[in-house]
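# With the input below, show me the fold.
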Amino acid sequence: MAQNDDPAGTVSRRDFIKTVGATSVAAGVLAPAAPVTAQGPAALGPGPVPVNLTINGRARTLQIEPRVTLLDAVRDHANLTGNKRVCDRGTCGACTMIVDGRTVYSCSTLAIDVQGSRIRTVDGLANGDDLHPVQEAFCAADGMMCGFCTPGFVMATVALLEKYPKPTIAQARRELDGNVCRCGTFNRVFEAALSAGGVNRG
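Numbering: from 1, shown residues only. As a prediction, this is how the structure comes out:
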């Protein structure tokens with residue numbers, strides 16, 4: 001006897017499967033689509049966007065692309081050219097700036113990531129014609145030659161002396177380890193770092 005000729009009037013397996021399949025398709029067609037919710041922060045760029053930076057105590061709003069580094073933002077858009085681009089790979093320290101009390105390689109730091117932070121560059125150390133004590137110490141100790149690495153060394157030394165007002169030579173070597181002088185004036189740099197006085201916590 002065929003399944004469709006069941007005298008008891010029960011539904012055959014074939015009819016049941018057809019009914020369930022049709023019902024599922026209809027439900028999928030008629031059910032409203034689930035709302036799509038945004039995940040994570042809104043995308044920025046690729047064009048220029050406003051980036052708010054506080055550099056040497058001054059608030060600045062720069063129109064830059066999100067991919068712009070802190071070094072490029074400061075040099076090319078804020079016109080503060082004291083810190084130098086040398087390796088551009090975060091290995092030499094010439095671009096060193098102080099962000100919220102810590103030294104950073106500005107060539108490897110995105111400007112957009114340090115919004116709301118306190119950024120200090122070598123341009124902001126002197127007070128008019130009065131040099132910062134570290135700058136004076138570098139001049140007195142002749143701690144520079146070609147000058148490309150000097151701004152980074154000065155900023156790293158400022159951070160060193162704000163952390164250790166009277167550093168040992170071991171502390172100076174450790175804190176300045178991320179900076180390279182290709183001219184080889186390390187001894188004079190350490191002399192300047194150990195002799196600078198009057199440096200308050202920044």
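# Kindly export whichever strand or helix holds residue 156 (C-alpha atoms) in PDB.
Here residue 156 is covered by helix 150-163, with elements defined by DSSP states H and E. C-alpha atoms of helix 150-163 as PDB (Å, rounded to 0.1, in the frame of the first residue of the first chain):
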ATOM      1  CA  THR A 150      70.800  66.700  19.700                       C
ATOM      2  CA  PRO A 151      67.100  67.600  20.000                       C
ATOM      3  CA  GLY A 152      66.200  64.000  20.800                       C
ATOM      4  CA  PHE A 153      69.000  63.600  23.300                       C
ATOM      5  CA  VAL A 154      68.000  66.900  25.000                       C
ATOM      6  CA  MET A 155      64.400  65.700  25.300                       C
ATOM      7  CA  ALA A 156      65.400  62.300  26.600                       C
ATOM      8  CA  THR A 157      67.700  64.100  29.100                       C
ATOM      9  CA  VAL A 158      64.900  66.300  30.300                       C
ATOM     10  CA  ALA A 159      62.800  63.300  30.900                       C
ATOM     11  CA  LEU A 160      65.700  61.600  32.700                       C
ATOM     12  CA  LEU A 161      66.300  64.500  35.100                       C
ATOM     13  CA  GLU A 162      62.500  64.900  35.800                       C
ATOM     14  CA  LYS A 163      62.500  61.200  36.800                       C
END
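# Give me the contacts around the helix or strand following that helix.
Note on helix 150-163: by DSSP H and E, the next helix or strand toward the C-terminus is helix 169-175. Counting by CB atoms under 8 Å, 6 or more residues apart in numbering, the neighbours of helix 169-175 from elsewhere in the structure are 156, 159-160, 163-164, 167, 190, 193-194. Where you see a C-beta, it was placed from the backbone N, CA and C, and this is true even at glycine.
# Quick check: mean pLDDT of helix 169-175?
Mean pLDDT, taken over the full extent of helix 169-175, equals 95.
# and residue 199, helix, strand or coil?
Using DSSP: H, G, I helix; E, B strand; the rest coil as the criterion, the local structure at residue 199 reads coil.
# Identify the residues contacting residue 160.
Taking CB under 8 Å, 6+ apart as the contact definition, residue 160 lies against 167, 171-172, 175-176, 193.
# Could you measure from it over to residue 92?
17 Å (CB to CB, to the nearest Å).
# ok, now residue 152?
When CB to CB is applied, the distance between residue 152 and residue 92 equals 7 Å.
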